[in-house]
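Visitor: okay, here's the prediction I keep looking at, along with the sequence it came from:
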Amino acid sequence: MWGYADVGADIYTALGIVALAAQGFTPLAFLAAGLVYAMVGLCYAELASAYPVAGGGQFFTLRGLGDLWGFVAGSALLLDYTIDIALFTVVSFGYLNFFLPYLTFGHHFQDFVIPMGPLRLQWLWLLETLGGIGLLVWLNVRGIRLSTMFNEILGVATIIGQSVIVIAGFLFAFQPDLVAHQFTFNRPTLGEFAFGTSLAIISFVGLESISQVAQETRRPATIIPRTSIGLILSVLIFALSFSILTMGMVDTHAFRGHEGDPVALVAQRIPIIGAVAAPLTALIGGIVVFISANSGVVSVSRLTYSMSQFQLLPAWFSRLSKRYQTPNRTIVVFSGVAVIQTLFAFLTPGKAGSNAAIDILADLYAFGATFGSLL
């Protein structure tokens with residue numbers, strides 16, 4: 001459940017941007033990325049049980065290819081973890097902003113915009129994201145972490161919520177003819193399909209976090225493979241189910257402007273339960289994605305500690321806070337990088353009607369994940 005609360009959250013982020021890129025071929029993009037994910041996942045299951053250390057993929061690359069490529073892999077993962085903090089905090093508040101009209105007398109987050117030439121600065125969303133990152137820094141520096149029980153409860157709630165949406169969607173709203181129509185008349189180019197597939201890898205990032213905690217797992221040779229295989233199957237099933245369901249319910253262009261809350265958009269269009277499913281999905285999605293952002297902060301500290309042990313980073317990063325005994329330097333520095341990435345993303349103009357911040361961060365995240373998995 002701890003792993004699912006991390007990996008299972010990724011479909012909440014990826015669904016909309018993949019649908020906009022791969023269009024009618026969205027299920028095929030998720031399938032192609034899922035096959036890569038399954039093979040990489042099986043490698044992680046073997047390696048994490050053989051080398052139960054905190055470095056994860058960076059350590060595996062170092063052992064296999066040497067110090068230079070170990071440093072390159074570590075750099076790619078550091079990019080991913082900082083983007084993880086930024087991207088998932090942005091998407092978390094994208095879901096929670098579903099409730100903004102009820103709190104601001106009908107105003108949506110699109111109304112809180114400052115036009116700046118070609119840029120439309122979504123200042124409220126930006127402030128929410130920066131505040132969320134600040135909260136994660138404060139919690140991790142003090143050593144306060146979400147309990148295992150809370151993650152277990154949230155993981156179960158997420159699986160139940162996703163199951164309800166998928167089952168109800170296929171029973172009450174799925175239109176096979178719409179799937180055929182989109183597959184026939186809404187085809188992407190080869191480049192767009194390849195781009196959508198690379199973005200779909202976002203749905204499967206997170207197995208790295210399991211290898212990061214292998215050092216703290218009892219009987220890793222038994223537990224890690226079982227956990228990894230269970231995670232591979234469950235996440236793959238839900239990713240493919242959501243992509244097929246989406247093609248039979250929603251025209252892919254409808255996700256333009258809903259990159260921040262795509263699953264809530266799907267839930268809202270289910271007859272009978274849509275009025276209840278949409279806010280519930282937005283609430284669960286916002287919380288579980290925020291936990292994924294927290295996993296980025298946690299994983300950065302583990303990765304930099306491991307890299308400093310092998311002298312791939314200065315020992316300065318591995319020193320602990322005298323008061324809280326936490327790696328406060330790593331947490332502050334790399335969360336600060338996430339803040340810079342967030343500002344860069346929000347201050348970059350994008351396509352009309354799209355969310356430039358999510359597009360940019362997702363592109364960087366997919367690049368780091370693909371490169372790290374390749375090594």
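Guide: Cool, the structure landed. Fair warning: this is a prediction, and the values are worked out from it, not measured in the lab.
Visitor: from here on, contacts and neighbour counts on C-alpha atoms
Guide: Will do.
Visitor: show the pLDDT at residue 121.
Guide: Note on residue 121: pLDDT of 85.
Visitor: dump the residue contacts of it.
Guide: If you count contacts by CA atoms under 8 Å, 6 or more residues apart in numbering, residue 121 has them with 113, 114, 115, 346, 347.
Visitor: top of those by number of neighbours, please.
Guide: residue 346 (23 neighbours; other CA atoms under 10 Å).
Visitor: that residue contacts residue 356, correct?
Guide: Yes. Using CA atoms under 8 Å, residue 346 is in contact with residue 356, at 6.8 Å.
Visitor: the helices in the stretch 1-150 of the chain, which residues?
Guide: Using DSSP state H, counting those that start in this stretch, the helices of the stretch 1-150 of the chain run over 2-7, 10-22, 26-50, 57-65, 67-96, 100-103, 123-142, 148-172.
Visitor: please apply the same query to the stretch 251-375 of the chain.
Guide: Under DSSP H, counting those that start in this stretch, the stretch 251-375 of the chain gives helices at 262-268, 274-309, 328-346, 356-374.
Visitor: pass me the low-pLDDT residue ranges in the stretch 1-150 of the chain, would you?
Guide: Along the stretch 1-150 of the chain, the model assigns pLDDT under 70 to residues 1-3, 5-8, 109, 144-150.
Visitor: likewise for the stretch 151-300 of the chain?
Guide: 151, 205-207, 209-210, 212-217.
Visitor: same thing but 90
Guide: When residues are selected by pLDDT under 90, those of the stretch 151-300 of the chain lie in 151-165, 195, 197-239, 253, 255-265, 268, 271-300.
Visitor: for the closest residue to residue 314 other than its chain neighbours, which residues are in contact?
Guide: Leaving aside its chain neighbours, residue 314 sits nearest to residue 308 (5.7 Å; criterion: CA to CA, 6 or more residues apart in numbering). Counting by CA under 8 Å, 6+ apart, residue 308 makes contact with 314, 315, 317, 318.
Visitor: need the winner for burial among the helices of the stretch 251-375 of the chain.
Guide: helix 262-268 (a mean of 25; mean count of other CA atoms under 10 Å).
Visitor: re the thing from before, now the contacts of residue 121 in JSON lines, with distance to residue 366?
Guide: As requested, those are exported to JSON lines (distance: CA to CA, whole Å):
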{"residue": "113", "distance to residue 366": "28"}
{"residue": "114", "distance to residue 366": "29"}
{"residue": "115", "distance to residue 366": "29"}
{"residue": "346", "distance to residue 366": "18"}
{"residue": "347", "distance to residue 366": "20"}
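Visitor: between those, which is closest to residue 197?
Guide: residue 346 (24.3 Å; CA to CA).
Visitor: give me the pLDDT for the closest one.
Guide: So, for residue 346, pLDDT stands at 91.
Visitor: what of residue 302?
Guide: For residue 302, the predicted pLDDT is 78.
Visitor: any idea what sits nearest it, other than its immediate chain neighbours?
Guide: residue 54 (5.9 Å).
Visitor: and the one you found, how many residues sit next to it?
Guide: The burial count for residue 54: 25, using other CA under 10 Å.
Visitor: from residue 79, how far out is it?
Guide: Using CA to CA, to the nearest Å, we find residue 54 at a distance of 17 Å from residue 79.
Visitor: again with residue 51
Guide: Counting by CA to CA - residue 51 and residue 79 are separated by 23 Å.
Visitor: same deal with residue 342?
Guide: Residue 342 is 13 Å from residue 79, by CA to CA.
Visitor: who are the contact partners of the residue lying farthest from the centre of the chain?
Guide: Distance from the C-alpha centroid of the chain peaks at residue 322, with 32.5 Å (CA atoms, centre = their mean). Taking CA under 8 Å, 6+ apart as the contact definition, residue 322 lies against nothing.
Visitor: and the least confident of the contacts of residue 308?
Guide: Minimum pLDDT across those falls on residue 318, with 80.
Visitor: wait, that residue sits on residue 326?
Guide: No. Using CA under 8 Å, residue 318 is not in contact with residue 326, being 9.5 Å away.
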